[in-house]
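Asks: this is the structure alone, sequence omitted:
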């Protein structure tokens, strides 16, 4: 029987509301700081929601040539920046072995800002005013395409578009590509830039967003009785995944092992989760099975934790269904309490945080959790980070339409 290929993480890159490099992001995350504030991207007069978790101080020309910037939607700029940061972190240049290196980058909505801008031009100035690059700027696969163009990868190239599970989905898919033998190295993650008039008004109309406009930093409240919806965020995350054999051959540092990934479908509702949590639990169980681990092996779960009424309760139930009595002994926390909900980028950014949790034996908190919902009764690491050795950590991502993905990382043992 052939031994399965082990997949390891050798590089990390992020662009987030808490910082545009891994060290800054991690420092603010474990300090329990919020990246939420008043929207500066457009005038919110007349909107129900005035707050978001925006990326700050991002200069795309730090990563791209000036002429490129004008030809890319913001979500593609974020994707390319995160990938370049991850490549540098892994000390890896794909070009000498380009056909054995690939990329999978997820996005839930793609170039929403470009679509809004060009639609406005169409309606106000006519069809001849529309940018000829509208389509290649807005379609969701372009984050992945531009990562490949920037880094020179010529192996498998794909894009996941599974709503808020897209980033985690991309990472799980990339690992399977490596295990299949079709690539030795994959750049995997997600990117999103939905903070636009149409994005904010659309989610607000669906009653998905918090309207705690007078308290931006306290607005994202996962598992709290006072939660009233998620705070929309943006950014990108990227992992460099390698086969263990390839990583060891080039003598690179290994952060952790991506031991398993599980996927499932709720087959329940267009936007609401299956309230029983059984389908989400199935994804976690599948990930543990692929990793050859038991429920009792899990030390920490980076929750999807959006701060929606139905979502947080369903996820709590899912953890109980999947882990049984052990659920009471597992630390759970939500990065979204600080970075908001970055949609298709969330799973990738949170995967970076999960890896760093293992590396640093430090669990980021769930901030703003001051009055726990009685139906959310697990250990959510409220308010302050916790030093705790974490050998096995899971990261949950769930998307509109019933997309469920769980990634399981473990401390690397050679």
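Replies: Nice, I can see it. This is a predicted model, so every value here is computed, not measured.
Asks: ok, now how distant is the closest residue in space to residue 109 that isn't next to it in sequence from residue 276?
Replies: In space, and not counting its chain neighbours, residue 109 is closest to residue 194: 5.3 Å by CB to CB, 6 or more residues apart in numbering. For every residue, glycine as well, the C-beta is placed using N, CA and C. Distance, residue 194 to residue 276, using CB to CB, to the nearest Å: 29 Å.
Asks: so between the two, which is more surrounded?
Replies: More neighbours surround residue 194 than the other of residue 194 and residue 276, with 27 against 14 (other CB atoms under 10 Å).
Asks: sticking with the more buried one, tell me its helix or strand.
Replies: Remark: residue 194 resides in no helix or strand, with elements defined by DSSP states H and E.
Asks: show the contacting residues for it.
Replies: 108, 109, 112, 200, 203, 232, 234, 343 (CB atoms under 8 Å, 6 or more residues apart in numbering).
Asks: same check on residue 210?
Replies: 49, 51, 219, 220, 221, 227, 228, 229, 230, 231, 307.
Asks: can you check residue 407 too?
Replies: So residue 407 contacts 168, 171-172, 258, 260-261, 287, 347, 351, 354, 394-395, 397 (CB under 8 Å, 6+ apart).
Asks: mind running it again at 6 Å?
Replies: With contacts defined as CB atoms under 6 Å, 6 or more residues apart in numbering, residue 407 is in contact with 168, 171, 261, 351, 395.
Asks: wait, is it part of a strand?
Replies: Yes: assignment of residue 407 by DSSP: H, G, I helix; E, B strand; the rest coil places it within a strand.
Asks: which of the contacts of residue 407 lies closest to residue 15?
Replies: residue 351 (14.2 Å; CB to CB).
Asks: tell me the buried residues in the helix or strand containing the closest one?
Replies: Assessed by DSSP H and E, residue 351 sits inside helix 346-360. Neighbour counts over helix 346-360 (16 or more other CB atoms under 10 Å) mark 346-359 as buried.
Asks: and if you look at stretch 307-314?
Replies: 307, 308, 309, 311, 312, 313, 314.
Asks: select the longest helix from the protein.
Replies: helix 74-90 (DSSP state H).
Asks: next helix or strand past that one?
Replies: Remark: after helix 74-90, the chain's next helix or strand is strand 101-106, criterion DSSP H and E.
Asks: any chance you could map the strands in the protein?
Replies: Using DSSP state E, the strands found in the chain span residues 7-15, 37-38, 51-52, 101-106, 157-158, 185-192, 235-243, 256-265, 300-302, 331-333, 362-363, 386-387, 392-399, 403-410.
Asks: kindly list the main-chain dihedrals of residue 384?
Replies: Dihedral angles of residue 384 (phi, psi; degrees, to the nearest 10) stand at phi -130, psi 150.
Asks: how much space separates it from residue 367?
Replies: Residue 384 is 9 Å from residue 367, by CB to CB.
Asks: the more surrounded of those two?
Replies: residue 367 (27 against 13).
Asks: pretty sure that one is touching residue 32, no?
Replies: Yes: in this structure, residue 367 is within contact of residue 32 by CB atoms under 6 Å, at 4.9 Å.
Asks: between these two, what contacts are shared?
Replies: Residues within reach of residue 367 and of residue 32 at once, by CB under 6 Å, 6+ apart: there are none.
Asks: any idea how far the closest residue in space to residue 224 that isn't next to it in sequence is from residue 313?
Replies: Excluding its sequence neighbours, the residue lying closest to residue 224 (CB to CB, 6+ apart) is residue 369, at 5.0 Å. The gap separating residue 369 from residue 313 is 14 Å, by CB to CB.
Asks: need the contact list for residue 333.
Replies: Applying CB under 6 Å, 6+ apart, one finds that residue 333 lies in contact with 363, 364, 365, 366, 380, 381.
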